[in-house]
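Peer 1: Got a predicted structure plus its sequence, pasted below:
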Amino acid sequence: MGTGEQLVTIAAVLLGALTTHVTNYLMERSRNRHRLLTRWDDKKVDAYGEYVDAAKLRIAASVPLYEARAGLRESHRSEEELRDDLAEASRRWGSAFERVMLLGGDEAIESGHELNVVLAEIDWQATGRIDGSLAEWRERHRAAFRAINAFHEDARADLGIRGGVTGEKHPERDLLVPPARRPAAGD
């Protein structure tokens, strides 16, 4: 074998080793990137779920306070205790929204901000910072659940989840409100 043939053989071996190294590097990099994306998606799912849960908890904590203040229902708890419950729910909600701000996609964050406006109005009416009728109270709740559904849509899109929670297959639903009580006989 001549010197030229030996150089060609060495060059071919080096080229093969180099392409093997580059291919392995690119595959490992792709695998790591996919692992990171999956890890962050798991964190996003947790953050989005916790935020919606905290938003609903804040709404639920506002109801007994509003009902007590408006004279709709008697409470065995003081107004101060009900306000403390709402404050605690608000702290949990604030912490959950911070996680959305850190991990969420742009549209999900924007939907969260829109939901936060409605949550604030519910809070303000429950605590008496703003006035409003029972009809306005219920409309604020309807708006909150529409905003929650919009947040769900944007969170699902951010996570790459197909389908939707609204639309033809999922018509808009109204609040579940019990019928007015009828006075008992003899009242």
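Peer 2: Everything's here; your move.
Peer 1: where does this structure have low pLDDT?
Peer 2: When residues are selected by pLDDT under 70, those of the chain lie in 32, 34-39, 165-187.
Peer 1: Strands of that one, start to end?
Peer 2: Counting by DSSP state E, no segments of the chain form strands.
Peer 1: biggest helix in it by residues?
Peer 2: Counting by DSSP state H, the longest helix found in the chain is helix 3-69.
Peer 1: for it, packing partners?
Peer 2: Helices and strands touching helix 3-69, as assessed by 3 or more C-beta pairs under 8 Å, 6 or more residues apart in numbering; DSSP states H and E, comprise helix 79-103, helix 106-127, helix 134-159. Bear in mind the C-beta positions are built from the backbone N, C-alpha and C, glycine included.
Peer 1: Including distance to D42 and mean neighbour count, could those go into a markdown table?
Peer 2: Below are the helices and strands packed on helix 3-69 laid out as a markdown table (distance: least, C-beta to C-beta, whole Å; neighbours: other C-beta atoms under 10 Å):
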| stretch | distance to D42 | mean neighbour count |
| --- | --- | --- |
| helix 79-103 | 10 | 16 |
| helix 106-127 | 15 | 19 |
| helix 134-159 | 10 | 18 |
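Peer 1: Out of those helices, the one nearest K56 is which?
Peer 2: helix 134-159 (7.4 Å; C-beta to C-beta).
Peer 1: Would you pull up how far that closest one lies from the middle of the chain?
Peer 2: Distance of helix 134-159 from its chain centroid, counting by C-alpha atoms, centre = their mean, to the nearest Å, is 11 Å.
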